[in-house]
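S.K.: got a predicted structure plus its sequence, pasted below:
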Amino acid sequence: MNEHDTYAKLIGLLDERGARYRIIEHAEEGATEAVSALRGNTLEQAAKCIVVMVKIGKKEKRFVLAVVTGDRRVDLGAVKALLGGGYAGFATPEVAERLAGSASGTILPFSFDPELELVVDPALLAQEEIYFNAARLDRSLALHTADYTAIAEPRTADIAG
């Protein structure tokens, strides 16, 4: 799945479910602080999306789409503990992009791959609206958090450091 397919899938899902969102076009940017300035949102409203690989025992690997506010970092120790793993680290860019269906810097706070478990820090869900790049560097969405939660159905856990 390429980023155009992922973008179309997201918009189709949001429209089908009647989500309240706005599309924001801007200069190409994937870094949370810079794109937040372009969009005019606070860092607390930005959904920073990181794919984490967790090793469970010697042979099993699980992947988590960890979503935190833009002013925080993903706490790898918390993600590891949440899954009962022995090791947690950032997935390689190739693996992250394959599972997310888009390039680094444009990863959505939604999982369309059964191998990728969505876990969101509750601080993000405290915002009325969340902002994220929409599988493209030049386009973002502002999405009502209540609609995000209803559609994405994320697992919530304290995973921000």
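M.R.: Cool, the structure landed. Just so we're clear, the structure is a prediction, and the values are computed from it rather than from any experiment.

S.K.: show the pLDDT at the residue nearest in space to the middle of the chain.
M.R.: When CA atoms, centre = their mean is applied to the chain, the residue found nearest the centroid is residue 109 (2.7 Å). What the model reports for residue 109 is a pLDDT of 98.

S.K.: quick check: the gap between it and residue 150.
M.R.: Noted for residue 109: a distance of 13 Å to residue 150, by CB to CB, to the nearest Å. Using the backbone N, CA and C atoms, a C-beta is placed for each residue, glycine as well.

S.K.: contacts for the longest helix along the chain next, please.
M.R.: With secondary structure taken from DSSP state H, the chain has its longest helix at helix 3-16. Residues external to helix 3-16 that are found in contact with it (CB atoms under 8 Å, 6 or more residues apart in numbering): 1, 21, 100-103, 106, 108, 110, 112, 134-136, 139, 141, 143, 147, 151.

S.K.: check which residues of that helix are buried.
M.R.: 3, 6-7, 9-11, 14 (16 or more other CB atoms under 10 Å).

S.K.: and residue 18, helix, strand or coil?
M.R.: Residue 18 falls in the coil class when you classify it by DSSP: H, G, I helix; E, B strand; the rest coil.

S.K.: which residue, other than its chain neighbours, is closest to it?
M.R.: Spatial nearest neighbour of residue 18, chain neighbours left out: residue 147 (7.8 Å); criterion: CB to CB, 6 or more residues apart in numbering.

S.K.: that neighbour: which element?
M.R.: In this structure, residue 147 is located in helix 145-152 according to DSSP states H and E.

S.K.: what is that helix packed up against?
M.R.: In terms of contacts (3 or more CB pairs under 8 Å, 6 or more residues apart in numbering; DSSP states H and E), helix 145-152 is packed against helix 3-16, helix 122-125, strand 129-136.

S.K.: after the longest one, next one along is what?
M.R.: To tie it back to what came earlier, the one meant is helix 3-16. Immediately after helix 3-16, counting by DSSP H and E, sits strand 21-25.

S.K.: could you identify the helix or strand that succeeds that following strand?
M.R.: Note on strand 21-25: by DSSP H and E, the next helix or strand toward the C-terminus is helix 32-39.

S.K.: mean confidence for that next one?
M.R.: Mean predicted lDDT for helix 32-39 stands at 95.

S.K.: list the buried residues of the helix or strand following that helix.
M.R.: Proceeding C-terminally, helix 32-39 gives way to strand 47-56 as the next helix or strand, assigned by DSSP H and E. Using 16+ other CB under 10 Å as the test for burial, strand 47-56 gives 47-55.
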